[in-house]
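Peer 1: attaching a predicted model along with its sequence, questions to come.
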Amino acid sequence: MPTTDAALKQRVIKKVVRQFGHPRGTAGRMVGWFMAHRGSNRQRNIWAVQLLDIQPTDRVLEIGFGPGLAIAELARRATQGHVYGIDHSQVMVGQAGRRNAAAIRAHRVHLTHAPVDRLPSFDDPLDAILAVNSMGFWPNPVEQLRRLRRLLLPAGRIALVSQPRCPGANRDTTARAAQELQDVLTQAGFVHTQVKILDLDPPVACVLANNPTDMPS
């Protein structure tokens, strides 16, 4: 019986993890509500946007925007620019759309249901890109980052954020995650990487980097 109980627990955990990675249906809507109202999530997203130093006229893309917390903060800062977002969950597109309805009606926020490997057209180059706890779900992250880098202006900024959610995650787990993010950014051709840490439980790592000014391929 203990073995059966343990196996059942593992199946439940896997289902929950899948919902956080790709929310669907009623369970996905509940996950989105949880993400939107969890205090640490709100603090993490606002902090990451602050680090990107968004300017009023910036054109910004967020990948995997979830319930749209960072989208709202980006739109609050890019008052004369445009905020784009893609997410592979239709449930999250709906929740983020409702949260940012006014900015969408004003044509300042544009949300698309799409995975990172099928990016829509953004017409003009971007000033900044943000991804919070989403890169772990990307196919071939280095290749996706190379494609994203080509969308940025020379010296454009990117911020990859990781707050490990695995059981027992601690400061060492976050440090390893930060190093992995630095490595993939460097492999993709970004420069000037730097790590910032937000002291939550577990800590959050934000790795910032720039597109080279000479735009190598």
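Peer 2: Yep, it's here.

Peer 1: residue 52 reaches residue 130, doesn't it?
Peer 2: Yes: using CB atoms under 8 Å, residue 52 is in contact with residue 130, at 6.2 Å. Where you see a C-beta, it was placed from the backbone N, CA and C, and this is true even at glycine.

Peer 1: who touches both of these two?
Peer 2: Shared contacts of residue 52 and residue 130, defined by CB atoms under 8 Å, 6 or more residues apart in numbering, comprise 60, 159.

Peer 1: the two - which one has more neighbours?
Peer 2: Neighbours per residue (other CB atoms under 10 Å) separate residue 52 from residue 130, with residue 130 holding more: 29 against 23.

Peer 1: show me what the top strand by length along the chain is packed up against.
Peer 2: Longest strand in the chain, counting residues (DSSP state E): strand 152-162. Counting contacts by 3 or more CB pairs under 8 Å, 6 or more residues apart in numbering; DSSP states H and E, strand 152-162 packs against helix 39-52, strand 126-132, helix 141-149, helix 171-187, strand 204-210.

Peer 1: give me that answer again for 6 Å
Peer 2: With contacts defined as 3 or more CB pairs under 6 Å, 6 or more residues apart in numbering; DSSP states H and E, strand 152-162 has these neighbours: helix 39-52, strand 126-132, strand 204-210.

Peer 1: which of these is buried the deepest?
Peer 2: strand 126-132 (a mean of 25; mean count of other CB atoms under 10 Å).

Peer 1: just checking: what are the partner strands of it?
Peer 2: strand 59-63 (parallel), strand 152-162 (parallel) (DSSP bridges).

Peer 1: report the buried residues of stretch 178-188.
Peer 2: Going by neighbour count (16 or more other CB atoms under 10 Å), the buried part of stretch 178-188 is 178, 180-182, 184-185, 188.

Peer 1: among those, which pair sits farthest apart?
Peer 2: 178 and 188 (15.9 Å; CB to CB).
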